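Visitor: Curious how this folds, go ahead:
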Amino acid sequence: MSKYSFYYDESEHSRKINHKTITAENYFDSFIAVVVGWPSNNQAALYERYATFESKYLHRQSNGELKSTTIKQSQLKSGFASLNADNLSLLEDFLALFDERILVYYAVTSKIEYIIHQLFEDYENSLFVDMDAMKYSITKAIVLYQPSEIMAGMYNNTSELIGLLKDFFTAQIEKGKANETLKQKEIVQFSQILLLLDDVSTIKTIDWNYDIAFVGFRKFLDEKGIHDYSITIDKEGEHCNTVKAAERVGLCSVSEADSLTSCGIRMADMLAGIISKLLKALHSALEYASPEELLNKKILDKSWFLVNERQLALYKKLHQMAIELNKTWYKAFAGTYSDDLIGFIALLSFMNHFKSVEDINKDLDMQGEYFNAYCCEHLGEHFEQMRYGRQIPALPIDAVTDNDLSNGFVINRRGAKVYFDIDRQPLLEIKNGHQTFDVLSVGLSKEMIPVVTIVEEDEVKCYRIPKELSEWTMTFVGLANMGENVFPSKVVFSKTKDGYVADIL
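Guide: Predicted coordinates:
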């Protein structure tokens, strides 16, 4: 196999996680690392092509470099829909550089999870406690509720942080009791967390650790069977913390270079900036502004879907590069808490399924609801797989066999046959105007067609159901993501003169 040259850069890094870091106006919980690379014998041609791209945008350089900071965060307030023509052209030209010769790896890591992981580093999964799920739940609760006392005290000594966490989860349990039907599982989960907080580790340091980004990259190299390589990291100063992290996880031929002299590092910087800005915009758009808002669903604003054909095509180009190009299990990597990454991938996949802007505009007012359901289904599936101890790819990769490909279907987790072509999925037949079924789960296809998995004559089957039941389906997909699974349940499906109705018994 050829020798490969890889280049690393990052975005939203915090070399020290302290009070100033996490209370800053521009604070974002996710740290983004990107590596780009190619066979070394292709480097000269790729560098020449990148230099041609940069020469087109000399007027946007800063200190002799074209950097991702040339695109301001405000330009992505509504994703690509808010891009002006100049920035749209820049991103079109940049993404056009990626072809089958280029390998891409990216990692999205929660800074809060890093601290929570240290609290529980001596705990492992057991028959009695699922520590991965616990750490996920604690991190998600802090990211979601943004408790000011914890956010402000995160940088203090361990004993103070533990007390703050106990106070927070105790208060959330009491609030949950006001709506126990909806919050029952959260109450149980938070009660278990309180028990664990009685005996936790001492936090060794709040200095950021870069190891996790390279843990994923090492797995990426192993998966690709790449053993002869070099990796060059943007020079950061005399301490070389990033280089040391790469070496700690077993990477070889690690060196530093000034980005001024390395097209590869500048390419990684640009990609890291694009991913981080879109991640940050999506997170901000779905963030709850107050505790009162948590009682309602947070839907992506319609402005995100007011795209023109060029903006839609840009989503498709980013989808191709970030998901499809040289797709591998470890191309995208995250820690236990991966909601931001899952949401990012869901957005790209959701926008990619539209054939044209006309398709979006046919049901423009509902696209936020559709995306919410689509994203919740991905998050719920990810959490369920984590609970069962499965190794989880962030990208939508399933273990598909040759037999699956020839038959055109896969078997879902319930044991039902699910076709790649949704039109081949049988439509649920409702006899005599109404019929009761034992429903195991509900969901949505990539085309946003509602589907239901049922037990029928001791056999598990998956059926399409009428699009009129999309909103009903989305409601329960959303509840499942919040930990409230109402299935398995008996459901009555009825066909009336006004349309289709579904009622849970």
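
Visitor: all strands of the protein, in order?
Guide: For the chain, the strands defined by DSSP state E occupy 4-11, 30-39, 77-80, 103-110, 229-234, 254-257, 332-334, 409-411, 417-419, 434-444, 450-456, 459-464, 489-496, 499-504.

Visitor: Distance to Ile71 and mean neighbour count added to those strands, as TSV?
Guide: The way it works is simple: take the backbone N, C-alpha and C, and place the C-beta from them, glycine included. Shown next, in TSV, are the strands of the chain (distance: least, Cβ to Cβ, whole Å; neighbours: other Cβ atoms under 10 Å):
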stretch	distance to Ile71	mean neighbour count
strand 4-11	12	24
strand 30-39	15	25
strand 77-80	11	21
strand 103-110	17	26
strand 229-234	18	21
strand 254-257	24	15
strand 332-334	21	24
strand 409-411	39	17
strand 417-419	39	17
strand 434-444	32	18
strand 450-456	38	20
strand 459-464	41	18
strand 489-496	48	15
strand 499-504	45	14
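
Visitor: Mean pLDDT lowest where, among these?
Guide: Least confident of these, judged by mean pLDDT, is strand 409-411 with a mean of 69.

Visitor: Including distance to Leu197, could the strands of the chain go into TSV?
Guide: What follows is the strands of the chain, written out as TSV (distance: least, Cβ to Cβ, whole Å):
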stretch	distance to Leu197
strand 4-11	32
strand 30-39	25
strand 77-80	38
strand 103-110	19
strand 229-234	37
strand 254-257	38
strand 332-334	24
strand 409-411	40
strand 417-419	41
strand 434-444	33
strand 450-456	38
strand 459-464	40
strand 489-496	34
strand 499-504	36
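
Visitor: how about the ones you listed, which one is nearest Leu347?
Guide: When those are ranked by proximity to Leu347, the top entry is strand 77-80, at 7.3 Å, counting by Cβ to Cβ.

Visitor: Pull the closest one out as CSV, backbone CA atoms only.
Guide: C-alpha atoms of strand 77-80 as CSV (Å, rounded to 0.1, in the frame of the first residue of the first chain):
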residue,chain,number,x,y,z
LYS,A,77,-27.3,31.6,11.5
SER,A,78,-29.8,29.7,9.4
GLY,A,79,-27.3,27.2,8.0
PHE,A,80,-26.5,27.5,4.3
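
Visitor: What is that strand packed up against?
Guide: Packing contacts for strand 77-80, counted by 3 or more Cβ pairs under 8 Å, 6 or more residues apart in numbering; DSSP states H and E, involve helix 263-286, helix 309-319.

Visitor: other SSEs contacting the first one?
Guide: In this structure, helix 263-286 makes packing contacts with strand 4-11, strand 30-39, helix 43-55, strand 77-80, helix 85-95, strand 103-110, strand 229-234, helix 339-352, judged by 3+ Cβ pairs under 8 Å, 6+ apart.

Visitor: In the stretch 151-300 of the chain, where is pLDDT below threshold?
Guide: 153-159, 181-182, 199-208, 237-239, 289-297 (pLDDT under 70).

Visitor: if you set the cut-off to 90 instead, what comes out?
Guide: The model of the stretch 151-300 of the chain has pLDDT under 90 over residues 151-169, 171-213, 223, 235-242, 244-245, 286-299.

Visitor: Could you pull out the helices in it for me?
Guide: 158-176, 180-196, 211-224, 241-248, 263-286 (DSSP state H, counting those that start in this stretch).

Visitor: between the strands of the chain, which one is nearest to Cys375?
Guide: strand 434-444 (10.5 Å).

Visitor: could you give the angle of the closest one to strand 459-464?
Guide: Computed by axes from the mean of the first three to the mean of the last three Cα atoms, to 10 degrees, the angle separating strand 434-444 from strand 459-464 equals 70 degrees.

Visitor: Name the surrounding residues that touch strand 434-444.
Guide: 370, 373-374, 377, 414, 428, 450-456, 460, 470, 473-474, 476-477, 487-495, 505 (Cβ atoms under 8 Å, 6 or more residues apart in numbering).

Visitor: Nearest to Gly273, out of the helices and strands packed on helix 263-286?
Guide: Nearest to Gly273 among these is strand 4-11; the distance by Cβ to Cβ comes to 5.4 Å.

Visitor: tell me the angle the closest one makes with helix 211-224.
Guide: For strand 4-11 against helix 211-224, the angle by the same axes, to 10 degrees is 150 degrees.

Visitor: To what extent is the closest residue to Leu91 other than its chain neighbours buried, counted in neighbours?
Guide: Using Cβ to Cβ, 6 or more residues apart in numbering and skipping the chain neighbours, the partner closest in space to Leu91 is Leu314 (5.9 Å). Around Leu314 there are 20 other residues, counting by other Cβ atoms under 10 Å.

Visitor: I'd assumed Asn87 was in contact with Leu314.
Guide: No - using Cβ atoms under 8 Å, Leu314 is not in contact with Asn87, being 10.0 Å away.

Visitor: which residues are common contacts for those two?
Guide: In contact with both Leu314 and Asn87: no residue, using Cβ under 8 Å, 6+ apart.

Visitor: before we move on, the earlier item: retrieve the pLDDT associated with the residue nearest to Leu91.
Guide: With respect to pLDDT, Leu314 has a value of 98.

Visitor: ok, it to Val357 distance?
Guide: Computed as Cβ to Cβ, to the nearest Å, the Leu314 to Val357 distance reads 12 Å.

Visitor: per-residue confidence at the residue lying closest to Phe168 once chain neighbours are set aside?
Guide: Spatial nearest neighbour of Phe168, excluding adjacent residues (Cβ to Cβ, 6+ apart): Pro147 at 4.9 Å. Looking at Pro147, its pLDDT reads 82.

Visitor: Ok, Phe344 next?
Guide: Looking at Phe344, its pLDDT is 94.

Visitor: Please report phi then psi for the residue nearest to Phe168.
Guide: phi -60, psi 120 (degrees, to the nearest 10).

Visitor: Could you report the neighbour count for it?
Guide: Neighbourhood size, Pro147 [other Cβ under 10 Å]: 19.

Visitor: So it versus Ala171, what's the distance?
Guide: For Pro147, the distance to Ala171 - Cβ to Cβ - is 9 Å.

Visitor: How about Leu221?
Guide: For Leu221, the distance to Ala171 - Cβ to Cβ - is 45 Å.

Visitor: ok, now Phe420?
Guide: According to Cβ to Cβ, Phe420 and Ala171 sit 47 Å apart.

Visitor: Next: Met134.
Guide: In terms of Cβ to Cβ, Met134 sits 19 Å off from Ala171.

Visitor: Comparing those two, which residue is more hemmed in?
Guide: Relative neighbour count places Met134 above the other of Met134 and Ala171, with 19 against 14, counting by other Cβ under 10 Å.

Visitor: If I look at that one, what pLDDT would I see?
Guide: Looking at Met134, its pLDDT stands at 81.

Visitor: and it, what does it touch?
Guide: Contacts of Met134 (Cβ under 8 Å, 6+ apart): Phe120, Gln192, Ile193, Leu196.

Visitor: What residues are bridge-paired with the closest residue to Met267 other than its chain neighbours?
Guide: Spatial nearest neighbour of Met267, chain neighbours left out: Val36 (5.3 Å); criterion: Cβ to Cβ, 6+ apart. Taking DSSP bridges as the rule, Val36 bridges to Tyr7, Val104.
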